[in-house]
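>>> Got a predicted structure here, sequence first:
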Amino acid sequence: MPEFKFFDRDISWLLFNGRVLQEARHETLPLLERIKFLSIFSSNLDEFYRVRMPFLLAKNHVEKKDKPTADSQKPDNQLLPAQQLIAGQLQMFGETLKELLPLLSQHQIYLLYGDEFPEGIKAIVTDYLFTQVMAFLQPKDLDSEQFFPENNKLYFLLNMQRQEIHRTVMLNIPSDQLPRFFTVSVDARLYIVFLDDIIRHNLGLIFKDYTITGCYSFKITRDAAIDFKDEYGGDYSKQIEKLILKRDAGLATRFLYQPEMPLHSLELIRNKLNLSSASLVEGGIYHNLKDLAELPVHREDLSILNWPGVKLLAVRQQHSLFNQVLEKDLIIHPPYQSYGTVLRFFNEAAVDENVEEISVTLYRVASDSKIVNALISAAKNGKKVLVIVELKARFDEANNIKWAKKMKEAGIRIVYSAMALKVHAKIALIKKRKANRIIYAGLLGTGNFNETTASFYTDHVLMTAHRGIMRELDLLFIFLSKGKKASTPDLVKFEYLLVSGFNLLEQFLGLIDREINAAKKGLPANITIKMNNLEEKVLISRLYEASQAGVKIVLIIRGICCLIPGAKGMSENITVRRIVDRYLEHGRVFIFHNQGKEEIYLGSADWMDRNIYRRIEVCFPVYDPKIRKEIREIIDLQLQDNVQAIMLDQELQNIPIKTSGISVQSQREIYLLLKNKTHEL
């Protein structure tokens with residue numbers, strides 16, 4: 001048996017981001033959609049520098065220290081390949097943006113990109129500078145001890161002179177406090193001006209006593225990782241609030257600067273700001289182009305028309321949703337179907353006088369969460385409400401802390417997970433008294449209880465009253481309410497649910513082994529899995545073993561994929577698809593042939609080290625025959641996609657699917673399937 005090989009996770013992720021960039025180059029897409037994909041690419045790359053680049057820099061430092069210099073750039077060192085890959089993608093990004101700007105002007109929309117202001121808008125822009133922008137400008141001399149550039153904020157380096165006096169000034173671009181774009185309509189033309197340029201073109205009005213000899217944009221990206229400690233005696237939320245403040249002071253991983261910046265200015269700022277460890281990256285004159293997603297243009301002819309979420313026909317408006325779930329399982333597939341049914345589940349529980357308890361896990365909460373407001377109402381209506389709040393959801397810590405405080409003030413019992421363990425499960429449980437007994441109904445999902453992300457993340461939410469699953473949900477909430485890690489995997493016995501830290505890894509390995517045993521007997525054996533990321537080597541190795549035994553394995557992996565498909569002697573029977581379309585593919589689906597009696601699981605868990613070993617995840621079986629059929633139909637449509645899907649080859653490159661038949665865009669077909677489907681109770 002050959003030694004198993006794995007693809008590097010960071011290179012894999014960057015290749016996924018390259019697939020996002022490819023969407024911006026598709027001439028068949030509406031213009032504003034292409035620009036949106038540029039913004040997604042930019043946002044993704046920023047997160048890579050904040051989260052993964054610190055790891056690569058540290059790894060590179062250790063390898064250079066431990067190995068001879070000639071060996072420090074061996075293929076297993078991924079810093080240089082990652083940097084080279086990023087450089088090529090950034091060049092493509094710039095070329096694509098330059099192609100799109102003239103297309104905007106064909107529609108009388110002028111995004112001024114490094115251009116002088118037309119005479120007709122100068123007075124309006126200057127007035128905006130005086131009345132709005134100047135209130136937020138905070139120039140600092142580079143030598144000032146008060147100047148410390150914040151993470152991912154925008155700045156100018158200004159060289160200025162007055163007689164014999166030379167100054168180097170850092171000037172903030174307040175895009176975190178003002179819109180990045182300012183619009184002016186003149187003679188049926190819409191001019192869109194960068195906030196950067198409003199400042200750049202009016203520096204003489206800001207620094208009246210100086211001559212500006214140079215103006216160069218830059219930003220610094222810092223390590224966004226937060227080091228959580230289990231051994232902490234105080235309030236976890238207070239610790240996290242302090243750590244969030246330290247995030248902006250983290251190690252600099254990237255210094256992104258305007259190419260025209262003189263070498264002496266570049267070296268001066270590097271030395272003054274202690275940026276020796278940061279990657280130097282030449283960018284354009286504008287940074288944070290994720291803001292292109294907020295381009296103030298509202299033209300339906302340049303955008304994809306919305307697919308309004310379909311109402312779930314199986315839900316009867318005049319009857320209690322709780323009681324309908326008692327009758328049979330229901331499933332919601334947002335955003336194709338309206339998230340209103342999920343909101344209704346919580347809203348009804350909040351006012352139902354017979355509901356006694358509500359328990360829920362919250363990982364990423366909407367900024368104006370209707371679900372949290374329903375929970376607050378429930379508590380004020382006299383119900384016992386338990387909320388497991390994950391304060392360590394990266395970049396959502398502050399928002400989660402805000403809501404946790406509000407819920408605690410309303411009388412909700414708030415529990416935070418152990419500091420080194422994240423609760424990523426998407427589960428809720430309602431207990432209701434009926435005829436002197438307690439009955440249960442629950443929600444189990446693949447995505448967060450967040451009505452905002454539910455509008456563009458594809459997920460699945462199961463509503464069920466299955467007794468075995470409800471009993472185990474109750475046991476899990478009892479465990480989670482203690483805010484501690486499991487002392488032993490046998491602490492809670494799960495028969496129906498797959499819970500990481502308890503039985504999830506063991507059960508998935510067992511499900512794969514069952515297919516292996518069937519294949520060895522000459523029986524049909526196949527596995528179909530859809531998830532966001534595939535990294536964990538124990539599970540990948542077992543998939544390799546299954547492939548070698550003859551099990552047919554079909555994977556739909558959106559992002560990171562460390563499994564190498566189609567490799568001789570290792571993975572000939574494994575194919576990997578990737579789908580990038582208008583919605584973010586987010587659902588996790590696991591289908592095992594089981595000699596024709598398919599077992600289907602949904603859940604919150606990707607197969608990554610963090611999900612398997614350092615989080616509480618929940619995957620759950622689907623028992624209802626109609627729902628199982630519906631899940632299978634959705635997955636089959638995705639396997640037929642030859643428009644937005646690509647295949648990954650042995651180098652994990654994005655290979656288009658060639659076809660001479662009918663074009664299938666799976667997200668569109670899934671929407672139509674669910675729109676036209678009728679449900680009978």
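Received it, and whenever you're ready, just let me know what you need. Note that the structure is a prediction, hence the values are computed from the model and not measured.
>>> can I assume Ile401 is in contact with Lys392?
No - counting by C-beta atoms under 8 Å, Ile401 does not reach Lys392; the two are 10.6 Å apart. Heads up, the C-betas are built off the backbone N, CA and C, glycines and all.
>>> who's more crowded, the two?
Lys392 (24 against 19; other C-beta atoms under 10 Å).
>>> any idea how far that one lies from Arg615?
For Lys392, the distance to Arg615 (C-beta to C-beta, to the nearest Å) stands at 10 Å.
>>> Show the contacting residues for the nearest residue to Val365 once chain neighbours are set aside.
Among residues not flanking Val365 along the chain, Trp403 sits closest, at 5.1 Å (C-beta to C-beta, 6 or more residues apart in numbering). By C-beta atoms under 8 Å, 6 or more residues apart in numbering, Trp403 lies in contact with 362, 365, 369, 372, 389.
>>> So which of the residues you listed belong to helices?
The members of those that map onto helices under DSSP state H are Val372.
>>> Would you point out the most distant pair within the contacts of Trp403?
Across the contacts of Trp403, the longest distance by C-beta to C-beta is 11.6 Å; it joins Ser369 and Val389.
>>> More neighbours: those two, which one.
Val389 (26 against 21).
>>> Correct me if wrong: the more buried one contacts Ile412.
No - using C-beta under 8 Å, Val389 is not in contact with Ile412, being 9.5 Å away.
>>> Counting neighbours, which bits of stretch 170-181 end up buried?
170-175, 178, 180-181 (16 or more other C-beta atoms under 10 Å).
>>> Can you tell me which of the contacts of Trp403 comes closest to Phe479?
Of all the contacts of Trp403, Phe479 sits closest to Val389, with 15.8 Å by C-beta to C-beta.
>>> The closest one: what's it in contact with?
Val389 makes contact with 362, 400, 403-404, 407, 414-416, according to C-beta under 8 Å, 6+ apart.
>>> Domains in the protein, by residue range?
Taking automatic domain parsing as the reference, the chain has its domains at 31-38+65-302, 321-480, 498-676.
>>> Rebuild those as JSON lines, extending it with mean pLDDT and distance to Asn44.
Putting the domains of the chain into JSON lines (pLDDT from 0 to 100; distance: least, C-beta to C-beta, whole Å) gives the following:
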{"stretch": "domain 31-38+65-302", "mean pLDDT": "86", "distance to Asn44": "9"}
{"stretch": "domain 321-480", "mean pLDDT": "93", "distance to Asn44": "13"}
{"stretch": "domain 498-676", "mean pLDDT": "96", "distance to Asn44": "9"}
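>>> Which strands or helices does the longest helix along the chain pack on?
Longest helix of the chain, by residue count under DSSP H: helix 79-105. When contacts are defined as 3 or more C-beta pairs under 8 Å, 6 or more residues apart in numbering; DSSP states H and E, helix 79-105 sits against helix 9-24, helix 31-51, helix 53-66, strand 109-112, strand 279-282.
>>> Widest-spaced pair of the buried residues of stretch 170-181?
Farthest pair in the buried residues of stretch 170-181, by C-beta to C-beta: Met170 and Phe181, 23.1 Å.
>>> can I assume Val538 sits in a strand?
No - read with DSSP: H, G, I helix; E, B strand; the rest coil, Val538 is helix and lies in no strand.
>>> Tell me which residues touch it, please.
505, 509, 612.
>>> Now the phi/psi pair for the last one, please.
So that's Ile612. Backbone torsions of Ile612, given as degrees, to the nearest 10, read phi -80, psi -40.
>>> Touching, it and Leu505? I think so.
Yes - using C-beta under 8 Å, Ile612 is in contact with Leu505, at 5.5 Å.
>>> before we move on, back to that, mind putting the contacts of Val538 in a markdown table, neighbour count and distance to Val20 included?
Shown next, in a markdown table, are the contacts of Val538 (neighbours: other C-beta atoms under 10 Å; distance: C-beta to C-beta, whole Å):
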| residue | neighbour count | distance to Val20 |
| --- | --- | --- |
| Leu505 | 20 | 31 |
| Leu509 | 14 | 32 |
| Ile612 | 20 | 26 |
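>>> if we can go back for a sec, from the contacts of Val389, which is closest to Arg471?
The shortest approach to Arg471 among those belongs to Val415, at 20.3 Å (C-beta to C-beta).
>>> Name the helix or strand for the closest one, please.
Per DSSP states H and E: Val415 is located in strand 413-416.
>>> And the helices in the stretch 351-500 of the chain?
Assigned by DSSP state H, counting those that start in this stretch, the helices in the stretch 351-500 of the chain fall at 370-380, 397-409, 467-480.
>>> ok, and what's touching the last one?
Contacts made with helix 467-480 from outside it, assessed by C-beta under 8 Å, 6+ apart, are listed as 359, 361, 386, 388, 415, 417, 423, 425, 427, 429, 440-442, 444, 464, 486, 491-492, 494-497, 499, 616, 618, 620-621.
>>> Now which of the residues you listed would you call buried?
359, 361, 386, 388, 415, 417, 423, 425, 427, 429, 440-442, 444, 464, 486, 492, 494, 497, 499, 616, 618, 620-621.
>>> Can you get me a residue count around Phe502?
Using other C-beta under 10 Å, Phe502 is surrounded by 22 other residues.
>>> Can you report phi and psi for the closest residue to it other than its chain neighbours?
Nearest residue to Phe502, sequence neighbours excluded (C-beta to C-beta, 6+ apart): Pro489, at 5.2 Å. Taking degrees, to the nearest 10, you get phi -60, psi -20 for the backbone angles of Pro489.
>>> Show the pLDDT at Pro489.
If you check Pro489, the pLDDT there is 76.
>>> Would you check that it makes contact with Asn503?
Yes - using C-beta under 8 Å, Pro489 is in contact with Asn503, at 6.7 Å.
>>> Leu31 versus the closest residue to Val580 other than its chain neighbours, what's the distance?
Leaving aside its chain neighbours, Val580 sits nearest to Arg19 (5.2 Å; criterion: C-beta to C-beta, 6+ apart). Arg19 is 20 Å from Leu31, where distance means C-beta to C-beta.
>>> residues contacting Phe346?
Neighbouring residues of Phe346 by C-beta under 8 Å, 6+ apart: 358, 360, 370-371, 374-375, 378, 428.
>>> Got the phi and psi for Val169?
Torsion angles at Val169 (phi, psi; degrees, to the nearest 10) stand at phi -120, psi 140.
>>> so where does the nearest residue to it once chain neighbours are set aside fall, helix or strand?
Closest residue to Val169 apart from its sequence neighbours, by C-beta to C-beta, 6+ apart: Leu158 at 4.4 Å. Element membership of Leu158 [criterion: DSSP H and E] is strand 154-162.
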